[in-house]
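In: Sequence and predicted structure are below.
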Amino acid sequence: MSNTILSLSSKFLKYFEDLGRFQVFVAKILKVMCTRPFRLSLVVQHAYNFGVESVFIILLTAFFTGSVFGLQIGYVFSIFRAESLTGGASALALATELAPLVTGFLITGRVGAAVTAEIATMVVSEQVEAMEAMGVDPIDYLVVPRVWASIFVMPLLCGLFMFMGIVGVYMTSLGIYAIDPGVFVAKIISLVEVSDILSGLRKMFFFSFIISFLCCYEGLSASGGAKGVGMATTQAVVKVLMLILISDLVISFIEVWWLR
């Protein structure tokens with residue numbers, strides 16, 4: 001019994017210790033983000049890696065997600081002879097929930113894992129220590145440019161997901177349920193407001209902080225060679241996905257019950 005209590009207490013202590021270190025890490029990032037020099041060349045480089053190289057997978061996933069979602073929603077509405085609502089309902093779901101969530105998951109799997117593995121490899125190969133020995137702050141050089149790039153790029157990717165998802169819904173609605181294009185667009189205009197689109201982009205803005213902060217933190221906390229790189233990458237992806245889901249629930253609750 002005593003061994004169980006000691007094990008649980010040590011796990012709790014480790015959890016709060018990690019939480020405290022992460023808070024200090026976030027505070028350092030926010031401080032460095034507001035000080036010069038601003039490494040614009042690195043921000044542009046990471047923005048290209050995060051954004052341009054992710055466009056294809058975002059557009060492809062968005063099209064098929066919208067197509068499947070439109071197919072299922074259209075089937076439900078066809079039971080009530082209300083197929084014309086397929087476009088508006090699907091666009092509303094894409095703007096407020098599906099687009100930011102799926103985009104966050106895709107960016108976490110493609111970019112977040114790569115960032116964690118890259119930084120963790122630099123840590124275990126002692127490149128970060130060499131950087132510190134030369135007087136270069138790893139947070140300023142490795143972390144902050146990635147944070148700025150994610151802030152600028154990820155809401156844009158979310159917007160692309162919304163647009164291509166609606167295209168997928170449009171193709172399904174016209175091809176399978178024979179919905180009139182004018183009615184399809186009219187229902188979207190009547191049901192989806194600008195605030196709904198901004199809600200999805202706002203969520204993606206918060207998700208960009210979660211992805212960049214946690215992935216960089218896990219990368220810099222890695223140890224133990226190649227095995228440590230793999231463990232850090234796995235932990236980063238799992239933690240980011242869980243926090244995205246939790247923060248999505250919190251933000252949605254605030255928007256629905258407090259702001260509307």
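Out: Happy to help now that I have it.
In: Could you list the residues in contact with stretch 58-69?
Out: Contact with stretch 58-69 is made by 90, 93-94, 98-99, 102-103, 106, 157, 160-169, 171-172, as judged by C-beta atoms under 8 Å, 6 or more residues apart in numbering. C-beta: built from backbone N, CA, C; applies to glycine.
In: residue boundaries of the helices in the stretch 51-200 of the chain?
Out: Applying DSSP state H, counting those that start in this stretch to the stretch 51-200 of the chain gives helices spanning 55-79, 86-93, 99-107, 113-124, 127-133, 138, 144-176, 181-191, 194-220.
In: any low-confidence regions in this structure?
Out: Low-confidence segments of the chain, defined by pLDDT under 70: 1-12, 15-16, 259-260.
In: which residue is nearest the middle of it?
Out: By C-alpha atoms, centre = their mean, the chain has its centre lying nearest to G104, at 2.5 Å.
In: And that one, how far from I139?
Out: When C-beta to C-beta, to the nearest Å is applied, the distance between G104 and I139 equals 23 Å.
In: got it, and C34?
Out: Taking C-beta to C-beta as the measure, C34 and I139 are separated by 13 Å.
In: Check L92 too.
Out: The value you get for L92 to I139, if C-beta to C-beta is used, is 40 Å.
In: Check I58 too.
Out: As it turns out, when the distance is counted by C-beta to C-beta, I58 lies 28 Å from I139.
In: between the two, which one's more packed in?
Out: In this comparison of I58 against I139, neighbours counted by other C-beta atoms under 10 Å, the higher total goes to I58 at 24 against 16.
In: ok so, going back, minimum distance to L40: which of the helices of the stretch 51-200 of the chain has it?
Out: When the helices of the stretch 51-200 of the chain are compared for distance to L40 using C-beta to C-beta, the nearest one is helix 144-176, at 8.6 Å.
In: What are the buried residues along the closest one?
Out: Judged by neighbour count using 16 or more other C-beta atoms under 10 Å, the buried positions of helix 144-176 are 144-162, 164-166, 168-170, 172-173, 176.
In: Repeat that for stretch 45-63.
Out: Of the residues in stretch 45-63, those with enough neighbours to count as buried (16+ other C-beta under 10 Å) are 46-47, 49-51, 54, 58-59, 61-63.
In: Those residues into a markdown table, with extra columns for distance to V183?
Out: As requested, those are exported to a markdown table (distance: C-beta to C-beta, whole Å):
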| residue | distance to V183 |
| --- | --- |
| H46 | 43 |
| A47 | 39 |
| N49 | 42 |
| F50 | 38 |
| G51 | 35 |
| S54 | 34 |
| I58 | 28 |
| L59 | 26 |
| T61 | 27 |
| A62 | 23 |
| F63 | 22 |
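In: Which of these sits closest to I189?
Out: In terms of C-beta to C-beta, no member of the buried residues of stretch 45-63 lies closer to I189 than A62, at 20.4 Å.
In: roughly how far apart are the residue nearest to the closest one when sequence neighbours are not counted and F56?
Out: Nearest in space to A62, with sequence neighbours left out and distances taken as C-beta to C-beta, 6 or more residues apart in numbering, is M164 at 3.7 Å. As for M164, its distance to F56 is 11 Å (criterion: C-beta to C-beta).
In: what do you get for S84?
Out: Noted for S84: a distance of 32 Å to F56, by C-beta to C-beta.
In: now what about stretch 137-150, what contacts it?
Out: Around stretch 137-150, the neighbours that count as contacts under C-beta under 8 Å, 6+ apart are 25, 28-29, 32-33, 39, 42-47, 49-51, 107, 111, 115, 119, 122, 128, 131-132, 208-209, 211-213, 216, 220.
In: about what we covered before: V250 is nearest to which of the helices of the stretch 51-200 of the chain?
Out: Proximity of these to V250 was assessed by C-beta to C-beta; the nearest stretch is helix 194-220, lying at 9.4 Å.
In: and that closest one, how far from the chain's centre?
Out: 5 Å (C-alpha atoms, centre = their mean, to the nearest Å).
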